[in-house]
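S.K.: Whatever this is, show me its structure:
(one chain, ligands or ions: 3)
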Amino acid sequence: MNYDINEISSHFAVEKVIGNYGNGHINDTYLCDNAPRYILQRINSNVFKSPEEVMENIEGVTLHLKKKIKDAGGDPDRETLTVVRTLENKNCYKDNNGNYFRMYRFIENSVSYDIAEDPILLYYAGKAFGRFQNMLDDFPAENLHETIVDFHNTPVRVNQLMSAIEANKSGRLDEVMPEVEFAKKYTKYTNLITDAMDAGEVPLRVTHNDTKLNNILFDEKSGEVVCVIDLDTVMPGSMLYDFGDAMRFGAASGAEDEKDLKKIWFDLEKFEQFTKGFVGEMKDTITKKEIELLPISVLLMTYECGTRFLADHINGDEYFKIHREGHNLDRARTQFKLVYDIETKLEEMKKIVEKYI
Ligand code: ADP
Ligand code: GN1
Ligand code: MG
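M.R.: Residues are numbered from 1 along each chain as shown. Ligands and ions are numbered 1, 2, ... in the order given. Next up, the predicted model:
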């Protein structure tokens, strides 16, 4: 760490940084325990090559959302993020070592979940991500920077895995041959979403692109959704990315890094709850092709995430934060176990989708 976080927070006129916060895999997140409280983050510039563009997107998107929330009679300070500007009136602070920092108001009386014990949380999450897309359906997509190019382009992600295998930078390839074989076996699905998008059958929308359950804050008391957070990857994309990625994480029976794979399967009850919430919100604009691809999008986004974890393990853990040896490999294994299970449940998933259309 080549910065003093207390010195950094002084550029936002905020004191008392009390330490790391949350379970994100990308940014360094700190809590500032003032009254009011704040979240201070170092933006991961290995992942986001242009942090200024990330912040331009976030300011544009949150201003748009605040207006929509206000018009609907909601609380714009609680139902979306609020960027705190620096003393120099900038949306982030760049230090002399090239680190970028930003600050948000802390959303009080809220919790985020890594696993949903109660499937009803998935219903609220589905509604929230559907509503999020709806509120952005008139946001000018041409104003958005592509913060990570080809973020959910599954064929590109598979190619990145193949390059990692070829380079074998960490020398770990020999130990992961079963996972590599699994990844290769499933390439038959790789192009399904990108082909439908290229053919104009699946529309480009403004999407969140990182719809993990822990990127939603729930009200501590009522259990309902307060706010969708982690807006770094809001970009033009497909609704299928948001649906599939949310289910990859939210409908898993266990943690993303669970070592005991017997505890990992795809939970259809959670899938049903989320589908009910999401499709309910999106029913006015969802297309026939999107409906058809909803179940397979879950398999694809889970497969894609598995290939990313596996590639990162083979590359020597350059991208995702890890907290133990083999962490990315454990994550890849849960994703592949889920892919295997989802494949057997596609027909049932189709029936569930049809119920809510
Ligand atoms: P990452 O990109 O690393 O996942 P996030 O922006 O998702 O970073 O933040 C990490 C965690 O910090 C979130 O999962 C959430 O628990 C917490 N968090 C982030 N922003 C806020 C906020 N404004 N108010 C309360 N908690 C927050
Ligand atoms: C990362 O930032 P976080 O932890 O919410 C990643 C997602 C992955 C996810 C896997 C910018 O999400 O794409 O699906 O980890 N975000 C980025 O848990 O790469
Ligand atoms: Mg996050």
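
S.K.: C-alpha from now on. contacts and neighbour counts both.
M.R.: Noted.

S.K.: Near ligand 3, which residues of the chain? Just list them.
M.R.: Residues of the chain lying close to ligand 3 (Cα under 5 Å from the ion) are 24, 215.

S.K.: Identify all contacting residues around the lowest-mean-pLDDT helix or strand in the chain.
M.R.: Ranked by mean pLDDT, DSSP states H and E, the weakest helix or strand in the chain is strand 17-20, scoring a mean of 85. Here strand 17-20 makes contact (Cα atoms under 8 Å, 6 or more residues apart in numbering) with 5-6, 9, 28-33.

S.K.: so where does whichever residue of the stretch 1-150 of the chain sits closest to ligand 3 fall, helix or strand?
M.R.: Ligand 3 sits closest to Gly24 of the stretch 1-150 of the chain, with a gap of 4.4 Å, by Cα to the ion. Secondary structure from DSSP states H and E places Gly24 outside every helix and strand.

S.K.: coming back round to it: out of the contacts of strand 17-20, which are buried?
M.R.: Taking 16 or more other Cα atoms under 10 Å as the criterion, what is buried in the contacts of strand 17-20 is 5, 9, 28-33.

S.K.: Just send these back as TSV, with pLDDT, distance to Lys283 and secondary structure too.
M.R.: Formatted as TSV, those follow (pLDDT from 0 to 100; distance: Cα to Cα, whole Å; DSSP: H, G, I helix; E, B strand; the rest coil):
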residue	pLDDT	distance to Lys283	secondary structure
Ile5	92	45	helix
Ser9	93	44	helix
Asp28	96	37	strand
Thr29	96	36	strand
Tyr30	95	38	strand
Leu31	95	38	strand
Cys32	93	41	strand
Asp33	87	42	coil
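
S.K.: For ligand 1, tell me which of the residues you listed show up nearby.
M.R.: For ligand 1, the contacts drawn from the buried ones among the contacts of strand 17-20 by Cα under 6 Å from any ligand atom are Thr29.

S.K.: Any chance of the buried ones among the contacts of strand 17-20 in CSV with distance to Cys305 as columns?
M.R.: Below are the buried ones among the contacts of strand 17-20 laid out as CSV (distance: Cα to Cα, whole Å):
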residue, distance to Cys305
Ile5, 31
Ser9, 34
Asp28, 21
Thr29, 22
Tyr30, 26
Leu31, 28
Cys32, 32
Asp33, 34
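
S.K.: Quick check: the farthest pair among the buried ones among the contacts of strand 17-20?
M.R.: Within the buried ones among the contacts of strand 17-20, two members stand farthest from each other by Cα to Cα: Asp28 and Asp33, at 16.3 Å.

S.K.: what's the distance between Asp242 and Asn328?
M.R.: To Asn328, Asp242 is 22 Å away according to Cα to Cα, to the nearest Å.

S.K.: Flag every residue of the stretch 51-200 of the chain that's near ligand 1.
M.R.: Within the stretch 51-200 of the chain, the residues that sit near ligand 1 (Cα under 6 Å from any ligand atom) are 81, 104-107, 112.

S.K.: Let's see that with 8 Å instead.
M.R.: Proximity of the stretch 51-200 of the chain to ligand 1, by Cα under 8 Å from any ligand atom, involves residues 81-82, 104-108, 110-112.

S.K.: between these, which has the most around it?
M.R.: Leu81 (25 neighbours; other Cα atoms under 10 Å).

S.K.: how about that one, what does it touch?
M.R.: By Cα under 8 Å, 6+ apart, Leu81 lies in contact with 62, 104-105, 107, 227, 229.

S.K.: Show me the strands in this structure, by range?
M.R.: Secondary structure of the chain, counting by DSSP state E: strands at 17-20, 28-32, 38-43, 83-84, 93-94, 100-105, 110-111, 205-207, 216-219, 225-228, 235-237.

S.K.: partner strands of the fifth one, parallel or antiparallel?
M.R.: Yep, that's strand 93-94 we're talking about. Using DSSP bridges, strand 93-94 pairs in its sheet with strand 100-105 (antiparallel).

S.K.: quick one: pLDDT of the closest residue to ligand 2 within the stretch 101-250 of the chain?
M.R.: Among the residues of the stretch 101-250 of the chain, Asp210 lies closest to ligand 2, at 5.4 Å counting by Cα to the nearest ligand atom. With respect to pLDDT, Asp210 scores 98.

S.K.: Asp242 versus that one, what's the distance?
M.R.: In this view, Asp210 and Asp242 are 7 Å apart by Cα to Cα.

S.K.: These two: which is more packed in?
M.R.: Legend: neighbour count by other Cα under 10 Å for Asp210 and Asp242, higher for Asp242 (26 against 21).

S.K.: ok, the more buried one to ligand 1 distance?
M.R.: 15 Å (Cα to the nearest ligand atom, to the nearest Å).

S.K.: Pull the contacting residues for that residue.
M.R.: By Cα under 8 Å, 6+ apart, the contact set of Asp242 is 129, 207-211.

S.K.: Next one: it, what pLDDT does it get?
M.R.: On pLDDT, Asp242 comes in at 98.

S.K.: any idea how this structure splits into domains?
M.R.: Here the domain parsing of the chain from automatic domain parsing is 5-108, 120-356.

S.K.: For those domains, state which one has the densest average packing.
M.R.: Ranked by average neighbour count under the criterion mean count of other Cα atoms under 10 Å, the domains of the chain are headed by domain 120-356 at a mean of 19.
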